[in-house]
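Student: What would the 3D arrangement of this be:
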Amino acid sequence: MQIVAALYHFIPFADPAALRQPLLDLCLAEGIRGTLLLAREGINGTIAGPRTGIDRVLAHIRSLPGCAALEWKESTATRMPFGRMKVRLKSEIVTMGQPDIDPRRAVGRYVLPQDWNDLIRQPDVAVIDTRNDYEVAIGTFEGAIDPGTRTFRDFPAWWAQNAARFHNKRIAMFCTGGIRCEKSTNFLLQQGVAEVYHLKGGILRYLEDVPEETSAWKGQCFVFDQRVSVGHGLVQGDLSLCHACRRPLTAQDRGHPSYEEGVCCPHCTDEYSEADRLRFRERQRQAVLAAARGVDHFCAS
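Tutor: Here you go, the predicted structure:
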């Protein structure tokens, strides 16, 4: 059993590069895999590994300047959901492309999972899903608005085009683990929205804390690892991943005439060249050979 820890913390790091190697060395020594992002605005990422290793890495991160109050969300996986360990230096730990955004100055009002249903069912509340379109497609909250964005960078432009729709509305926002809402709620406050709320701990905390029989969540929640999705109780879902476009696939998608395992799916049939397809087919052939040897090619790559 692997412990999966999703974390983020906004704190100014004077020299993120100096933090990278010690963190990477510790993760490798403890058998931890996943991705951690370091930037001048803080740290973000998801890692997986044995209980003792996760505990040591989290203790190390909490020992960094300003990180003692780090919070994280845990789930489990039956096997290692990541292929390797990466610690990357970035300009932002979640990319919105808005240089004036600073969640340390102000964010929306946090709403605990057990209070979320009552809020989003109020007639004067507009609920906005801040995730990418392919994430929203497999699950979201009842009545939530899908901006249809391909990336988080698209959200400010979407808001500029749609802000008038939300005149005199309170805005409730949510995302997978909470980090996008730290920025999106700060953005809306800067845009003059009077009342902005966001789901504390994100969808993952909601699915962990709120019983399925009283839940307002419909579908599954996309996660950025080999599990692909989780449901209530953070139980792994039944989706797979297109290894061409990285979108989640349902059983119906896999039965579509345009689906070719490891090569294309109904979502990306027009997105790649024939040269790309030939490359993908060779990669899939190598994956089949690796599977015959008992090796997970995609997780090991």
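Student: only C-alpha atoms for contact and neighbour calcs from this point on.
Tutor: Fine.
Student: what ranges do the helices span in the stretch 51-200 of the chain?
Tutor: Secondary structure of the stretch 51-200 of the chain (DSSP state H, counting those that start in this stretch): helices located at 51-62, 113-120, 133-136, 155-162, 179-190.
Student: same for the first one, what does it pack against?
Tutor: Under the contact definition 3 or more CA pairs under 8 Å, 6 or more residues apart in numbering; DSSP states H and E, helix 51-62 sits against strand 2-10, helix 16-29.
Student: Next: the last one.
Tutor: Under the contact criterion of 3+ CA pairs under 8 Å, 6+ apart, helix 179-190 touches strand 170-174, strand 196-199.
Student: So, low pLDDT: which residues of this protein?
Tutor: 295-301 (pLDDT under 70).
Student: Any chance of JSON lines for the helices and strands packed on helix 179-190, columns mean neighbour count and distance to residue 280?
Tutor: Shown next, in JSON lines, are these (neighbours: other CA atoms under 10 Å; distance: least, CA to CA, whole Å):
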{"stretch": "strand 170-174", "mean neighbour count": "24", "distance to residue 280": "35"}
{"stretch": "strand 196-199", "mean neighbour count": "24", "distance to residue 280": "39"}
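Student: Dump those strands to CSV, plus distance to residue 248.
Tutor: Below are these laid out as CSV (distance: least, CA to CA, whole Å):
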stretch, distance to residue 248
strand 170-174, 20
strand 196-199, 24
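Student: what's the closest of those strands to residue 101?
Tutor: Nearest of the helices and strands packed on helix 179-190 to residue 101, taken as CA to CA: strand 196-199 at 15.3 Å.
Student: Adjacent strands (with direction) for the closest one?
Tutor: strand 109-111 (parallel), strand 170-174 (parallel) (DSSP bridges).
Student: For residue 169, find the nearest of the helices and strands packed on helix 51-62.
Tutor: Nearest of the helices and strands packed on helix 51-62 (CA to CA): strand 2-10, 28.1 Å.
Student: Tell me the strands beside that closest one, with direction?
Tutor: strand 42-49 (antiparallel), strand 71-77 (antiparallel).
Student: what's in contact with it?
Tutor: The contact list for strand 2-10, computed with CA atoms under 8 Å, 6 or more residues apart in numbering, reads 41-51, 54, 67, 70-80, 103-104, 177, 179.
Student: Might one say that residue 69 is in contact with residue 62?
Tutor: Yes. Residue 69 is within contact range of residue 62, at 7.1 Å (criterion: CA atoms under 8 Å).
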